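Novice: Provided below are the primary sequence and the corresponding predicted coordinates.
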Amino acid sequence: MHKALTIVLILSVILAYGLASAPAEEGAAQKLGEKIDRGLDRLGKELKQGWADAQAGVEKLGVQGRVYSRLHWDKALEKATIDIDVRDTNVVVLKGNVTNSAARLKAVQLAQDTVGVARVVDNLAVAP
């Protein structure tokens with residue numbers, strides 16, 4: 001994203017320079033337009049590459065890591081002790097203890113809504 005902002009800044013400078021020198025140069029508007037088109041094409045390619053890299057990172061993390069991240073960082077589950085097991089690459093089994101039934105539902109819902117999860121087996125217990 002930082003690269004995108006840098007490119008936009010560079011394009012703004014090119015545009016300002018082009019507008020300032022336009023009256024002095026024949027065809028300056030055409031040249032400026034071509035420069036802007038090239039810059040925008042390059043920006044589009046970089047944004048597509050950035051998105052592809054982000055998607056590859058999510059895939060690399062794996063189902064267990066994605067579910068763990070979602071459960072671990074949720075405030076409603078901060079006192080829960082949950083083990084995550086993945087079967088058949090997309091079935092998540094949740095085992096452990098949660099503080100109340102709302103936390104149990106939250107854990108199951110977060111796991112179910114995680115990319116790559118087809119089904120969740122709830123083996124969670126509500127701690128007394």
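Specialist: Noted; the coordinates are in hand.
Novice: any idea how far L47 is from the spatially most central residue of the chain?
Specialist: By C-alpha atoms, centre = their mean, the chain has its centre lying nearest to A54, at 6.0 Å. A54 sits 11 Å away from L47, going by C-beta to C-beta, to the nearest Å. (C-beta placed from N, C-alpha, C; glycine too.)
Novice: quick revisit: what about the residue nearest to the centre of the chain, helix or strand, and which?
Specialist: helix 28-72 (DSSP states H and E).
Novice: Averaged pLDDT, the very next helix or strand once past that helix. What do you get?
Specialist: As assigned by DSSP H and E, the chain's next helix or strand after helix 28-72 is strand 81-87. On average, the pLDDT along strand 81-87 is 93.
Novice: Sheet partners, orientation included, of strand 81-87?
Specialist: strand 91-98 (antiparallel) (DSSP bridges).
Novice: Send me the strand it pairs with as CSV with only the CA atoms.
Specialist: Extracted in CSV, the C-alpha atoms of strand 91-98 (Å, rounded to 0.1, in the frame of the first residue of the first chain):
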residue,chain,number,x,y,z
VAL,A,91,-13.4,-30.0,9.3
VAL,A,92,-12.5,-28.2,12.5
VAL,A,93,-12.9,-29.8,15.9
LEU,A,94,-13.0,-27.5,18.9
LYS,A,95,-12.2,-29.0,22.4
GLY,A,96,-11.7,-27.3,25.7
ASN,A,97,-13.4,-24.9,28.1
VAL,A,98,-15.1,-21.6,27.7
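Novice: List the buried residues of that strand.
Specialist: V92, V93, L94, V98 (16 or more other C-beta atoms under 10 Å).
Novice: what sits opposite V98 in the beta ladder?
Specialist: Residues in beta-bridge contact with V98 (DSSP bridges): V126.
Novice: L105 is in contact with that one, correct?
Specialist: No: taking contacts as C-beta atoms under 8 Å, V98 lies outside contact range of L105: 9.1 Å.
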